[in-house]
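K.L.:
Just a sequence and a predicted model for now, questions to come.
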Amino acid sequence: MAPSPAAANNYPTDSSLLGDGTRVLTRVMKKVEQAAGGLVGKVRDRLRTVRKKVVAIAIAARQKGAAGEEKRRYIYKGLLSVTRKIVNQAKRVMKEVDQLGRRKKKQLSGFREQLATMVDRVNQVVKQTRARVFDGNTKFEEKLVSVFEPQTEIIRKGKASKPTEFGKLVKVQEAENQIITHFEVYDERPSDSALLVDSVEMHQQQTGSVPPIVAADAGFYSQANERRLEEMGVKNVSIPNRSTRSEQRRKHQKKRSFKEGQRWRTGCEGRISVLKRRHGLNRCRYRGQNGMRRWVGIEVIADNLINMGLCLAK
């Protein structure tokens, strides 16, 4: 059993988020203008200016020291000013839609809803940009890392190659013959240790028996978890305790049965790699939390079908 971030993306900068938000607002406003047969105030396209400033911020980010920081702040001021103009224009477009006739208003209701949603998200990005760039506050509450998927979380992995990822935490449970027996996409990331007992109970519910061996990485370890699994009838609990000072515990973790469990757990990491490489777990193509669950579920079904076929073929 192992956790994995799904739909992981590269680090999104505030400038790129502002660029994404203003692009969507401008695109939708143009659609409203075309569908309405024209508006009182013509939609002005400022995306060229936005793109120039986003690129300028990326270039200025390479310059170190106080001079580079001051230059980035100056460019950010310009970017926020353009963003404010685009947001105000979107608000004027929404007011014009509200004043149209009933039939036309109903026809444009979907576009108006898109504008209202994106205006709120862009305003949120503006607030967090001001807090980070001008106030030095990097712990801004309710921080958005995607204007398209606002539920996306920041996942600290602690790995040298990829210390931070963005997405949702997915738990994958694997049994014999590489069959995935259960998966879960969490709304908010829980601690790994809080997942262990529930996972074994889920396995028991689905198969009608307690697994003879439970293997997981060190993040799932706690004395309470290990004790509870033993009470449930698990014969071999193979979960390492990295911080132990007990010589008895160290000897236990050197036993052949314990090491066999850890070797089997390593294969579960390979299952996650297969799901990412063969089925696309690394990036969700659906929108929203339900879309994420649907995407992961389809991948699990596809992988299980392949492994069932291979098992039957033997």
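P.N.:
Cool, got the structure. The model shown is predicted, which means the values in this text are computed figures rather than measured ones. Numbering: from 1, shown residues only.

K.L.:
And the most centrally placed residue in the chain, its phi and psi?
P.N.:
When the chain is reduced to its mean C-alpha position, the nearest residue by Cα atoms, centre = their mean turns out to be G167, at 1.0 Å. Dihedral pair for G167: phi 160, psi -140, per degrees, to the nearest 10.

K.L.:
Is it in contact with S146, as I believe?
P.N.:
No: look at G167 against S146 with Cβ atoms under 8 Å: they stay out of range, at 9.4 Å. For the C-beta atoms, the positions are set from N, CA and C on the backbone; glycine is no exception.

K.L.:
before we move on, back to that, how close does the residue nearest to the centre of the chain sit to E141?
P.N.:
Counting by Cβ to Cβ, to the nearest Å, the gap between G167 and E141 amounts to 20 Å.

K.L.:
what's the first-to-last distance across stretch 233-243?
P.N.:
26 Å (Cα to Cα, to the nearest Å).

K.L.:
Now it: average pLDDT?
P.N.:
Stretch 233-243 carries an average pLDDT of 88.

K.L.:
what residues go with each domain of this structure?
P.N.:
12-134, 153-313 (automatic domain parsing).

K.L.:
Show me what the residue nearest to the centre of the chain is bridged to.
P.N.:
E153 (DSSP bridges).

K.L.:
All the helices of the chain, residue numbers only.
P.N.:
Secondary structure of the chain (DSSP state H): helices located at 14-36, 47-60, 65-98, 102-107, 109-129, 196-207, 223-232, 247-252, 256-279, 288-313.

K.L.:
tell me the most buried of these?
P.N.:
Each of the helices of the chain was scored by mean neighbour count; the highest is helix 14-36, a mean of 20, by mean count of other Cβ atoms under 10 Å.

K.L.:
Show me what that helix packs onto, helices and strands only.
P.N.:
If you count contacts as 3 or more Cβ pairs under 8 Å, 6 or more residues apart in numbering; DSSP states H and E, helix 14-36 packs onto helix 47-60, helix 65-98, helix 109-129.

K.L.:
Now do the buried residues in stretch 211-219.
P.N.:
P211, V214, A215, A216, D217, G219 (16 or more other Cβ atoms under 10 Å).

K.L.:
rank the domains of the chain by pLDDT, which is bottom?
P.N.:
domain 153-313 (a mean of 85).

K.L.:
what's the span of that domain, first residue to last?
P.N.:
With Cα to Cα applied, domain 153-313 spans 41 Å between its terminal residues.

K.L.:
Now K127: closest residue in space that isn't a chain neighbour?
P.N.:
F140 (7.5 Å; Cβ to Cβ, 6 or more residues apart in numbering).

K.L.:
Let me know the pLDDT of the one you found.
P.N.:
77.

K.L.:
give the contact list for it.
P.N.:
K127, Q128, A131, R132 (Cβ atoms under 8 Å, 6 or more residues apart in numbering).

K.L.:
give me that answer again for 10 Å
P.N.:
By Cβ atoms under 10 Å, 6 or more residues apart in numbering, the residues touching F140 are Q124, K127, Q128, T129, R130, A131, R132.

K.L.:
cool, and R263?
P.N.:
A215, S238.

K.L.:
measure it to R62 for me?
P.N.:
45 Å.

K.L.:
just M292 next, same as before
P.N.:
35 Å.

K.L.:
what's the answer for R294, then?
P.N.:
40 Å.

K.L.:
One more: E269?
P.N.:
E269 is 36 Å from R62, by Cβ to Cβ.

K.L.:
Switch the contacts of F140 over to JSON lines; also include distance to Y186.
P.N.:
Below are the contacts of F140 laid out as JSON lines (distance: Cβ to Cβ, whole Å):
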{"residue": "Q124", "distance to Y186": "23"}
{"residue": "K127", "distance to Y186": "27"}
{"residue": "Q128", "distance to Y186": "23"}
{"residue": "T129", "distance to Y186": "28"}
{"residue": "R130", "distance to Y186": "31"}
{"residue": "A131", "distance to Y186": "27"}
{"residue": "R132", "distance to Y186": "27"}
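
K.L.:
which pair in the residues you listed spans the largest distance?
P.N.:
Q124 and R132 (12.6 Å; Cβ to Cβ).

K.L.:
Could you tell me which residues touch both of the two?
P.N.:
F140, K143.

K.L.:
Which residue, other than its chain neighbours, is closest to H182?
P.N.:
That would be Q173: by Cβ to Cβ, 6+ apart, it lies 4.4 Å from H182.

K.L.:
nope, L79 is what I was after
P.N.:
Take L79 and drop its neighbours on the chain: the residue closest to it by Cβ to Cβ, 6+ apart is K53, 4.3 Å away.

K.L.:
shouldn't the one you found be in contact with S16?
P.N.:
No: here K53 does not reach S16: they are 11.4 Å apart, not a contact under Cβ atoms under 10 Å.

K.L.:
who touches the nearest residue to R121 once chain neighbours are set aside in this structure?
P.N.:
Nearest non-adjacent residue to R121, counting by Cβ to Cβ, 6+ apart: V147, 4.7 Å away. Counting by Cβ under 10 Å, 6+ apart, V147 touches 12, 16-25, 117-118, 120-122, 124-125.
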